[in-house]
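Chemist: Here you go, sequence then predicted model.
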Amino acid sequence: MSSIEDFRGLTYMNKIGHLYCLSLEEVMGANGVKAVLRLAGLPEYIEAYPPSDFKRSYPFEAQAATSQALHTMYGPRGARGLEMRAGRVAFNLGLREFGPLLSVSDLAMKLMPPSMKLKIILNAVTQVFDRFTDLNPHIKEDKGHFMYHITQCSNCLGRDPAPNFFLARGILEESTAWASAGKRFIVEQCTCMGQGAETCAFKIDKEPVE
């Protein structure tokens with residue numbers, strides 16, 4: 001199993017960092033983002049968010065430091081809400097644009113049965129993060145749920161690793177809602193590599209919340 005120290009120096013494409021900052025700005029305002037970035041020790045992003053391009057140069061450490069700063073400023077509960085909302089906003093602001101790139105269109109999704117829609121969108125999200133980041137994710141299907149596994153996790157580089165990668169959870173929640181015309185599915189992170197697990201794993205129920 002990889003040590004979390006092996007994740008240092010790994011990257012996301014810049015567009016992910018750009019969407020992360022924009023989504024935080026959407027939920028907490030521009031001044032709030034500046035304060036978070038300052039506390040995170042990322043002054044280079046305060047006046048210039050990462051560019052919206054495909055170059056792989058947004059470091060894992062930047063995401064981890066930003067998440068840690070949110071936890072310091074707002075506490076675990078407040079940071080959880082902010083990051084999950086940011087994940088949902090990030091999907092709607094830009095990540096859904098990758099659907100056509102991966103041969104998943106709004107029209108095609110509308111014509112599929114619900115179970116197929118869920119499987120298709122989760123596979124598409126996995127492909128995006130596999131192609132454009134070093135998260136190295138994969139997905140497995142069980143009888144009543146899907147398991148989304150991250151094998152190289154930026155969030156584990158935070159000071160207190162725990163099943164708290166709420167940004168990823170928000171993205172998964174919003175992607176499944178988009179695929180099902182607004183229905184909500186329970187998404188829970190159940191393991192964390194920073195606590196000794198083999199992967200950071202998210203369980204996604206196949207049936208929506210009634």
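Modeler: That came through, no problem.
Chemist: give the contact list for the most centrally placed residue in the chain.
Modeler: Central residue of the chain (C-alpha atoms, centre = their mean): residue 168, 2.5 Å from the mean position. Neighbouring residues of residue 168 by C-beta atoms under 8 Å, 6 or more residues apart in numbering: 87, 150, 155, 189, 200, 202. No exception for glycine: its C-beta is placed from N, CA and C like everyone else's.
Chemist: just checking, the third one touches residue 66?
Modeler: Translated: residue 155. No. The criterion here is C-beta atoms under 8 Å, and residue 155 misses it with residue 66 at 10.2 Å.
Chemist: so of the contacts of residue 168, which ones are in helices?
Modeler: With helices taken from DSSP state H, the overlap with these comprises residue 87.
Chemist: Out of the contacts of residue 168, list just those in strands.
Modeler: 150, 189, 200, 202 (DSSP state E).
Chemist: out of those, which is most surrounded?
Modeler: Within the ones in strands among the contacts of residue 168, neighbour counts (other C-beta atoms under 10 Å) peak at residue 200, which reaches 28 neighbours.
Chemist: In contact with residue 122, which residues are there?
Modeler: Residue 122 makes contact with 139, 146, 148, 172, 175-176, 204, according to C-beta under 8 Å, 6+ apart.
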